[in-house]
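[1] the sequence and its predicted three-dimensional model are supplied below.
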Amino acid sequence: MSGPGVTLLDGGMGRQLARMGAPFRQPEWSALALIEAPETVQAAHAAFIAAGAEVITTNSYAVVPFHIGEDRFAAQGLELADLSGRLARQAAASAAAPVRVAGSLPPLFGSYRPDLFEPERAPEIANILVEGLAPYVDFWLAETQSSIREAAAAAAAVAGHGKTLWISYTIEDERPEPGAPLLRSGEPVSEAVRTALGLGAEAVLFNCSQPEAMGDAVAAAARVIGAARSPARIGVYANAFPPQPEDAAANDGLSELRADLDPDSYLGWIRRWVGLGASLVGGCCGIGPEHIARIRKALPELTA
């Protein structure tokens, strides 16, 4: 931990791999580098660690049938999950300062698409990810969860594994009513936070949504956590995408990245979120090591 109560996460793995020249295309997304050039995955982890990240997330986000296909997942899913965990652990072990590894449990049936969730099949896919990652990770990160039932399925998959759980929701970029943030499923953020606490989450985060949408979500989480007298922490790692259409799955295509979210601009959002109660901060798609390095430099003022 770099200061009183603030921990610095890493940034978006997929776009960082693309910037580094790693194999990168749809539909495999960030899993393609894992399959064809795993050394680039470890190099991307190392770049975020060098920038100051204290937590790195396994490159297992796209190790699901939605991205790599049913046949490849059946044949190689466990192997690829294991590899993603091993590469992250090796990068963390090479760091000069302590770095923790978060095991990414992604949306299992397509990001931003709670309507595609298959509750009967979710355990089958999630259990393969958990089995592959378990030897290497310090805790679980169920990320980009679009609905409460997605988060509940992730929590069920890691129950009994003896590691803590963070749950990170993705929220609507364009809210129908200011101050009333919603998950992409339309469920209220306040209800989702209460559910996460009930599932035993050590932290509740918000990721893969625009920075402009995050403040209301942090404030809502702070109210729920305060009322519950819970020690759970709040986190944010936003993306650099423009607003996404309701019927689009994240990474279904290569979205353009916003030019206005340079490191200084993104730091302005970090300052706001910390002021509202966030103590876990980093970045998602399009937020690179340069953003993380800028936040790291500003940590003394953020934690003063």
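    Yes, it's here.
[2] what sits against the nearest residue to residue 189 once chain neighbours are set aside?
    Using Cβ to Cβ, 6 or more residues apart in numbering and skipping the chain neighbours, the partner closest in space to residue 189 is residue 181 (4.2 Å). The way it works is simple: take the backbone N, C-alpha and C, and place the C-beta from them, glycine included. Counting by Cβ atoms under 8 Å, 6 or more residues apart in numbering, residue 181 touches 171, 172, 175, 188, 189, 213, 216, 217, 220.
[3] now do the SS call for the spatially closest residue to the first one that is not a sequence neighbour.
    In this structure, residue 171 finds its nearest non-sequential neighbour in residue 209, 4.8 Å apart by Cβ to Cβ, 6+ apart. Of the three states, residue 209 takes coil according to DSSP: H, G, I helix; E, B strand; the rest coil.
[4] residue 209 and residue 172 touch, don't they?
    Yes - using Cβ atoms under 8 Å, residue 209 is in contact with residue 172, at 7.5 Å.
[5] more neighbours, the two?
    In this view residue 209 and residue 172 are compared by other Cβ atoms under 10 Å, and residue 209 has more residues nearby, 27 against 22.
[6] and the pLDDT at that one?
    The per-residue pLDDT reported for residue 209 equals 96.
[7] repeat for residue 160
    Reported pLDDT for residue 160: 89.
[8] give me the buried entries from the contacts of residue 181.
    171, 172, 175, 189, 213, 216, 217, 220 (16 or more other Cβ atoms under 10 Å).
[9] give me the subset of the residues you listed lying in helices.
    The helices, defined by DSSP state H, take in 189, 213, 216, 217, 220 from the buried ones among the contacts of residue 181.
[10] from residue 286, how far out is the residue nearest to residue 171?
    12 Å (Cβ to Cβ, to the nearest Å).
[11] and for residue 61, the neighbour number?
    By other Cβ under 10 Å, 27 other residues sit near residue 61.
[12] okay, now the unreliable bits of the stretch 1-150 of the chain?
    1-4 (pLDDT under 70).
[13] what ranges do the strands span in it?
    Ranges of strands within the stretch 1-150 of the chain are 7-8, 55-57, 100-105, 139-145, based on DSSP state E, counting those that start in this stretch.
[14] to residue 117, which of these lies closest?
    strand 139-145 (9.9 Å; Cβ to Cβ).
[15] which residues are in contact with the closest one?
    With Cβ under 8 Å, 6+ apart as the criterion, strand 139-145 contacts 57, 61, 100, 102-107, 111-112, 130, 150-151, 154-155, 158, 161, 163-170, 183, 202, 205, 207-208, 250, 284.
[16] how about the helices of the protein, start to end?
    13-19, 31-36, 38-51, 65-68, 70-93, 122-133, 148-158, 189-198, 211-227, 263-276, 289-302.
[17] in PDB, list the C-alpha atoms belonging to the last one.
    Meaning helix 289-302. Below are the C-alpha coordinates for helix 289-302, written out as PDB (Å, rounded to 0.1, in the frame of the first residue of the first chain):
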ATOM      1  CA  PRO A 289       1.300   2.700 -17.900                       C
ATOM      2  CA  GLU A 290       1.800   6.400 -18.500                       C
ATOM      3  CA  HIS A 291      -1.500   7.000 -16.700                       C
ATOM      4  CA  ILE A 292      -0.500   4.700 -13.800                       C
ATOM      5  CA  ALA A 293       2.900   6.400 -13.500                       C
ATOM      6  CA  ARG A 294       1.100   9.800 -13.300                       C
ATOM      7  CA  ILE A 295      -1.200   8.600 -10.500                       C
ATOM      8  CA  ARG A 296       1.800   7.100  -8.700                       C
ATOM      9  CA  LYS A 297       3.600  10.400  -8.800                       C
ATOM     10  CA  ALA A 298       0.500  12.100  -7.300                       C
ATOM     11  CA  LEU A 299      -0.100   9.600  -4.500                       C
ATOM     12  CA  PRO A 300       1.400  11.800  -1.800                       C
ATOM     13  CA  GLU A 301      -1.100  14.500  -2.400                       C
ATOM     14  CA  LEU A 302      -4.000  12.000  -2.900                       C
END
